[in-house]
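In: what follows is a predicted structure for the sequence shown.
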Amino acid sequence: MEAREEIEAILRALFASQQFAVLATQDQGQPYVSLMAFAHTEDLRGLVCATDRATRKFTNLLSNTRVAVMIDNRSNQGSDTETATAVTVLGQALELSGAERERHLEDYVRKYPHLSAFARSDTCALIRIAVESYYVVRGFQDVRELHFKD
């Protein structure tokens, strides 16, 4: 398996097994993190999350679209340093609208049917993070990178 295909396989397996990610935004220069339910696009070039427009994270995204996301499978055991996988995602977030919102909304609701009413509400912003880079860390020092250039 080629390096890129191997990284993509690791990402797909991790994303399928995890319900939550940590989203880092900027609040007037201060990092601010939020626990978020997330879905990914089939081509791995995007992550999708939903937030109420009245939240601090949404306000932060309006002023600075640059974000970082962490997704991991740690179990809070000492063995995590050898067995856990953690992915840092760097990208830009933007609110979806129209047909693109509807397309990504269906994928999001398929993963989180219990969040359907929230995700479909008028106060909910559906956010797509355009992934620029993935940094995959496994087994303490096994670090791999995947970068997208458009």
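Out: Sure thing, it's come through. Only a predicted model underlies this, so the values are computations on that prediction, with no experimental measurement involved.

In: next, give phi and psi for the spatially most central residue of the chain.
Out: For the chain, the residue nearest the mean C-alpha position is Leu47 (4.5 Å; Cα atoms, centre = their mean). When quoted as degrees, to the nearest 10, the phi and psi of Leu47 stand at phi -120, psi 150.

In: so it makes contact with Val22?
Out: No - Leu47 is not in contact with Val22 according to Cβ atoms under 8 Å; the separation is 11.8 Å. Backbone N, C-alpha and C define where each C-beta goes, glycine included.

In: quick check: neighbours shared by the two?
Out: Any residue near both Leu47 and Val22 by Cβ atoms under 8 Å, 6 or more residues apart in numbering counts here, and that gives Val69.

In: that older thread, so the closest residue to the residue nearest to the centre of the chain other than its chain neighbours, which state does it fall into?
Out: When the adjacent residues along the chain are set aside, Leu47 lies closest to Ile129, with 4.3 Å between them (Cβ to Cβ, 6 or more residues apart in numbering). Following DSSP: H, G, I helix; E, B strand; the rest coil, the label given to Ile129 is strand.

In: got the contact list for Ile129?
Out: Contact analysis of Ile129 by Cβ under 8 Å, 6+ apart lists 46-49, 67, 69, 89, 91-93.

In: quick one, which of those are buried?
Out: 46-49, 67, 69, 89, 91, 93 (16 or more other Cβ atoms under 10 Å).

In: of those, which is the nearest to Phe148?
Out: Nearest to Phe148 out of the buried ones among the contacts of Ile129 is Gly91 (Cβ to Cβ; 8.8 Å).

In: which helix or which strand is home to that closest one?
Out: Secondary structure assignment for Gly91, by DSSP states H and E: strand 85-95.

In: name the next helix or strand downstream of that strand, please.
Out: Following strand 85-95 in sequence order, the next helix or strand is helix 98-111 (DSSP H and E).

In: from the middle of its chain, how far away would that next one be?
Out: When C-alpha coordinates are averaged (Cα atoms, centre = their mean, to the nearest Å), helix 98-111 and its chain have centres 15 Å apart.
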